[in-house]
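Novice: I'll drop the sequence and a predicted model, then ask my questions.
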Amino acid sequence: MANGDTRVRGLAARAGGWSARHRWAAVGIWVLFVVLAMGIGSAAGTVEVKDSDQLGGETHTAAKIIEDAGIEEPAGESVLVQAKDGSVKATDAEFRSAVAAIMTAVQGTGKVTDVTSPYDTKTISRDGRSALVQFDMRGDSDTAGDRVEPVLKAVDGVQKEHSSLRIEEIGGASMMKQYDDAFGDDFQQAEYSAVPVALGILLIAFGALVAALLPVALALTAIMATTGLMAIVSHFQPMDDTASSVMLLVGLAVGVDYCLFYLRREREEREAGRDPETALRIAAATSGRAVIVSGVTVCVAMAGMLFTGLATFEAMGLASLMVVAVAMVGSVTVLPALLSLLGQRVEKGRIPFLRRRTSGNNGSRFWSAVLKGVLARPAVSVVVAAGVLLAIAAPALGMKTQNLTLDQEFGDSLPIVQTYDRVNEAFPGGTGPATVVVKADDIGSSAVRGALQQFKEQAVSSGASHGPVEIKLHAAQNVAFVYVPLVGGSDQDKAGASLDKLRDEVRPATLGKVDGVQAPITGEVAGNKDFNDQLIGSVAPVFAFVVVFAFLLMLLSFRSLTIAITSIVLNLLSVGAAYGILVAVFQHGWGASLVGAEGVGAIITWLPLFLFVILFGLSMDYHVFVVSRIREARLRGLSTNEAVKHGVVTTAGVVTSAAVIMVAVFAIFGTLSMQSMKQMGVGLAAAVLIDATIIRGVLLPAVMALLGERNWYLPKWLGWLPDMTHDESPEAIAPAAAQHGEGEPLRV
């Protein structure tokens, strides 16, 4: 069939055809959509996730009580006073003089309130070498880091006058300031670096400036529109900064990928001698369809985060889902219009020495060589590739998850980490005490006061705390806060055991006996435990939702039970390998120095589920694109082996370019200073690399070669399923009738 009438069916083909015929209208509608989304979003403003909605369990209950009572907890600060060599004790005159000087200095700044002496609060270590001067910052705790500088200078001034003592400040405000000073620009630098990196790789892939700019432009406009939509949606589902960062990552990845798939196919068809209109139609019917199938699958995967019940995860899932949907719509509407408008000008700004590399459609020589061996011995290839992936995934069986402590997160890169360690050593649990939020009908009643005193005494006598236990009353709100330093300190396991003792033994025996009293226990350790428990409880429903719906989408898209099953298995292998790398590098420390990290003994709690959802979605990009091309070749009448070879080789350049961009962008986040961000960046980059090489280049073709015609198997009892396979171009399929006279029957 020549360049004659090429009728195509399906949503992607119709959308692409309409956009190509109404070029200026399609571009205008897209620009109007982006501008309106940003304008309305800016006017509406963004509703942030409340602290009370961040977690479930007792932590949520405690935050809700505080919120309903209207209590604004200030940012608490402590100044550690410690003898450097042990020769000076808290009872000595020099030590007392330093404490008095600190109290006078911090009060003199006018920035603090409720300054307390360690001699009054009994915050003196057992060995008598250390003491804590405690106070609160005035004003909003969320912005206390902006006001703490004068206080830090005042404390530093006292330190200079007492050289035999160690005088260091630590607390919410000082940690916030030091964190912002050291790492405040980390995220911005990573986000700003991502776009130039992607553009540079696209320049190499296309060898032309205009062609390279198109995917970046699509991704950026999709991100801009989604930013506005997030503000609008936040009035129904609150958002946070984490959701914005994840949205940017996902938006850049899929936006570039989808445009890359479409643009490469259109160029390929033109290089094969087809006129621009026909080339665009075929790209719309083939790559456009792959984009829609992939986009819907990614959206479904992202929707899995909505089942966690955690506000931050729900915000991330919704933001990611929206940016994927926007990028998908843009790829099948405004992109065909732009390609039609540009025509041959899409090749403008060619880079001379890349001309030979990017022209022609002979496929990848490297992958042709690899596939020759894979298809010659598919069984061996499956055993070897699967064996390698299972070996890489093996360490994941011993995965330990927890929220990282300050020293695990930052190592020795921050001076305040050393202060944190010293305070925890002298006062176990002092930097992150458990907080019992007691709500009663009458907080001043004798029964409640007696129960509070009993709780205070039994918290120490039970071994859950070494003390001192502090009680702070808010009589007007009938609320009391009980601060309990936990035995175990920064050791999460030991501190967790102390928390369990408070919750399961001490509380029922004291506060639990008073009618009408609520006493949820919150704090850093409690928050970590509640977060972990809720996340673990959500793993099964999220896993089931993502896997089942991805399976159904693949089944409907390819009308093949085999393709649906193998797609899920291969994606799970990819995710498992990523887990294995994470555990090996960050939990055991194997090769951690190669990525500028260190073994911290655990994976941050939220990462495994986050990685599963993100990777399961993104890996479908490549899978749908490659399998669609294989199926298309099979419909032309090629044998299964030839179709597999054709599909993998002709998509190798696109998949490689897209994977390199994703790996580079994710690797940027692996260079950040925080261990949690390193874990996310390395995990995502490693998974994408494995997915684009071992999975798509070796395991997928080997499995499909072994299965042969069984790849396209659909049981008769599933014949009622709607046919969603009809977007392929008749021009591409027509020769099959002539070539398929001899050979096995084609059941697609």
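Specialist: Ah, there it is.
Novice: for the chain, what are the low-confidence residue spans?
Specialist: The chain contains residues with pLDDT under 70 at 1-10, 51-54, 182-189, 191, 352-364, 412-413, 429-431, 489-491, 723-748.
Novice: distance from the centroid: which residue in it tops it?
Specialist: A93 (53.1 Å; Cα atoms, centre = their mean).
Novice: So that residue versus T116, what's the distance?
Specialist: Per Cβ to Cβ, to the nearest Å, A93 is found 20 Å from T116. From N, CA and C alone the C-beta is placed, and that goes for glycine too.
Novice: In this structure G145 contacts G171, no?
Specialist: No - counting by Cβ atoms under 8 Å, G145 stays clear of G171, with 10.0 Å between them.
Novice: how about the helices of the stretch 51-200 of the chain, start to end?
Specialist: Ranges of helices within the stretch 51-200 of the chain are 51-54, 57-69, 93-108, 118-121, 149-161, 172-183, 186-206, based on DSSP state H, counting those that start in this stretch.
Novice: Report the distance from the third one to the chain centre.
Specialist: Just to be clear, that refers to helix 93-108. Put simply, helix 93-108 sits 45 Å off its chain's centre (Cα atoms, centre = their mean, to the nearest Å).
Novice: tell me the contacts of D621?
Specialist: The contact partners of D621, by Cβ atoms under 8 Å, 6 or more residues apart in numbering, come to V254, D257, Y258, S294, V298, A658.
Novice: Would you mind giving those residues as a markdown table with neighbour count and secondary structure added?
Specialist: A markdown table is the format used below for these (neighbours: other Cβ atoms under 10 Å; DSSP: H, G, I helix; E, B strand; the rest coil):
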| residue | neighbour count | secondary structure |
| --- | --- | --- |
| V254 | 30 | helix |
| D257 | 29 | helix |
| Y258 | 33 | helix |
| S294 | 29 | helix |
| V298 | 32 | helix |
| A658 | 30 | helix |
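Novice: between the residues you listed, which is nearest A376?
Specialist: Nearest to A376 among the contacts of D621: A658, at 27.6 Å, using Cβ to Cβ.
Novice: hmm, which two among the contacts of D621 are most spread apart?
Specialist: Pairwise distances across the contacts of D621 peak at 13.3 Å for V298 and A658 (criterion: Cβ to Cβ).
Novice: so what's in contact with G145 and G171 at the same time?
Specialist: Residues touching both G145 and G171 by Cβ under 8 Å, 6+ apart: A75.
Novice: re the thing from before, with distance to G670 added, can I get the helices of the stretch 51-200 of the chain in JSON lines?
Specialist: Below are the helices of the stretch 51-200 of the chain laid out as JSON lines (distance: least, Cβ to Cβ, whole Å):
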{"stretch": "helix 51-54", "distance to G670": "26"}
{"stretch": "helix 57-69", "distance to G670": "30"}
{"stretch": "helix 93-108", "distance to G670": "40"}
{"stretch": "helix 118-121", "distance to G670": "43"}
{"stretch": "helix 149-161", "distance to G670": "32"}
{"stretch": "helix 172-183", "distance to G670": "14"}
{"stretch": "helix 186-206", "distance to G670": "9"}
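Novice: Between the ones you listed, which one is closest to P722.
Specialist: Closest among these, once you apply Cβ to Cβ, is helix 186-206, at 35.9 Å.
Novice: Name the residues of the helix or strand just after the closest one that are buried.
Specialist: The helix or strand immediately downstream of helix 186-206 is helix 209-233, counting by DSSP states H and E. Neighbour-count burial for helix 209-233 flags 210-231, 233 (criterion: 16 or more other Cβ atoms under 10 Å).
Novice: about what we covered before: nearest to L249 among the helices of the stretch 51-200 of the chain would be which one?
Specialist: Going by Cβ to Cβ, the one of the helices of the stretch 51-200 of the chain nearest L249 is helix 186-206, 7.8 Å.
Novice: how far off helix 209-233 does that closest one point, in degrees?
Specialist: Counting by axes from the mean of the first three to the mean of the last three Cα atoms, to 10 degrees, helix 186-206 points 140 degrees away from the direction of helix 209-233.
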